[in-house]
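Peer 1: Here is a sequence with its predicted model. Questions after.
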Amino acid sequence: MNKLRKILRKKNKSKIVCLTAYSKSIAKILDKYCDIILVGDSMANVLYGLDSTHTISLNNIIQHSISVKKGVKNSLLVVDMPKDTYLNKDMAKKNAKLILKKTKCDAVKLESNNKNFNIIKELVKSKIPVMGHIGFTPQFKKRFKLEGNSKHKLEKLLNEAKNIEKAGAFSIVLECVAPNTSKVISKALKIPTIGIGSSSNCDGQVLVTDDMLGLSGFYPKFVKRYARLDRVIEKATEKYSKDVRKNKFPNTKNFLNE
Ligand code: KIV
């Protein structure tokens, strides 16, 4: 069965596991446990130290995705389309095709502005699998806050999600969506919902790997730190620096033989 069908079949049966990756070494580890690996434009903040995701380039995303692809065998590889790379149908098609051709990924993800359903439709018509993204969408919204937390907002988000499904997306990310709204949307859609900060009412979960590993310094309440790699790296670096300064490293064991 192909990777995409496998994901779709999980709806109402088993939870979908998704994490982000920006490099081969990390992707290779995640691939053993994830259903989906996402090359997110969160790399702008996490990797490049930028204030927002807005300035990451298509080329940046492509280069990191090429690296990630080398570590992925089993998971579905989804690549984020950066802001302003899908402003109209032709631009979206050209850039999505370029991403697919260069990275050999399985699908692209684009954020919804509650208007760009025709872009999804066009990509799907061109046989490009698309993942949608609603709720807090950093490419379009400035304030990081809970979304869909009133009856009116629930209806609005539900409509948006239905339109994305109707346009042909195979899945949809719900970011920072209120628990009950996530529940209503996940029940109403046939395609799987992948939540981040949107409770366990979604069909799957995604986290930014650097957050989950305690490396990014960004830990809102919905991020569970499964490791403290910051501490591990600090300890290792301290030890290394001491060894070098005391001339304990390298020792004869580290010398290369002729
Ligand atoms: O860019 C990203 O990593 C994302 C996830 C937060 C879903 O879009």
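Peer 2: Received the coordinates, thanks. On a predicted model such as this, the values are computed, not experimentally measured, just so you know. Numbers count the residues shown, from 1 in each chain.

Peer 1: going forward, measure contacts between C-alpha atoms and count neighbours the same way
Peer 2: Fine.

Peer 1: which residues in this structure form strands?
Peer 2: Ranges of strands within the chain are 16-20, 36-39, 76-80, 107-109, 130-135, 171-175, 193-196, 204-207, based on DSSP state E.

Peer 1: Same list, those, but as TSV with mean neighbour count please.
Peer 2: Compiled in TSV, the strands of the chain are given as follows (neighbours: other C-alpha atoms under 10 Å):
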stretch	mean neighbour count
strand 16-20	23
strand 36-39	28
strand 76-80	26
strand 107-109	23
strand 130-135	26
strand 171-175	27
strand 193-196	27
strand 204-207	22
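
Peer 1: between those, which one is nearest to residue 154?
Peer 2: Between residue 154 and the strands of the chain, the shortest gap by C-alpha to C-alpha is with strand 130-135, which sits at 10.2 Å.

Peer 1: Model confidence score at the closest residue to residue 250 other than its chain neighbours, please.
Peer 2: Residue nearest to residue 250 in three dimensions, not counting chain neighbours: residue 244, with 7.4 Å by C-alpha to C-alpha, 6 or more residues apart in numbering. As predicted, residue 244 sits at a pLDDT of 98.

Peer 1: Also the one 5 residues further on?
Peer 2: What the model reports for residue 249 is a pLDDT of 98.

Peer 1: so it makes contact with residue 255?
Peer 2: No: here residue 249 does not reach residue 255: they are 10.2 Å apart, not a contact under C-alpha atoms under 8 Å.

Peer 1: Between the two, point out the one with more neighbours.
Peer 2: Here residue 249 and residue 255 are compared on neighbour count by other C-alpha atoms under 10 Å; more neighbours surround residue 249, at 14 against 8.

Peer 1: contacting residues for residue 218?
Peer 2: Taking C-alpha atoms under 8 Å, 6 or more residues apart in numbering, we find residue 218 in contact with residue 211.

Peer 1: Can you check the pLDDT for it?
Peer 2: Note for residue 218: predicted pLDDT of 92.

Peer 1: measure it to residue 19 for me?
Peer 2: 16 Å (C-alpha to C-alpha, to the nearest Å).

Peer 1: and if you look at residue 31?
Peer 2: Taking C-alpha to C-alpha, one finds residue 31 at 9 Å from residue 19.

Peer 1: got the residues of the stretch 151-258 of the chain near the ligand?
Peer 2: By C-alpha under 6 Å from any ligand atom, the residues of the stretch 151-258 of the chain that approach the ligand are residue 208.

Peer 1: which ones are touching the residue of the stretch 151-258 of the chain found nearest the ligand?
Peer 2: Going by C-alpha to the nearest ligand atom, the ligand is nearest to residue 208 of the stretch 151-258 of the chain, at 5.4 Å. Under the criterion of C-alpha under 8 Å, 6+ apart, the neighbours of residue 208 are 19-21, 42.

Peer 1: next one: residue 92
Peer 2: Taking C-alpha under 8 Å, 6+ apart as the criterion, residue 92 is in contact with 85-86, 119, 123.

Peer 1: from the contacts of residue 208, which single one is nearest the ligand?
Peer 2: residue 42 (3.7 Å).

Peer 1: Find me the pLDDT at the closest one, would you?
Peer 2: 98.
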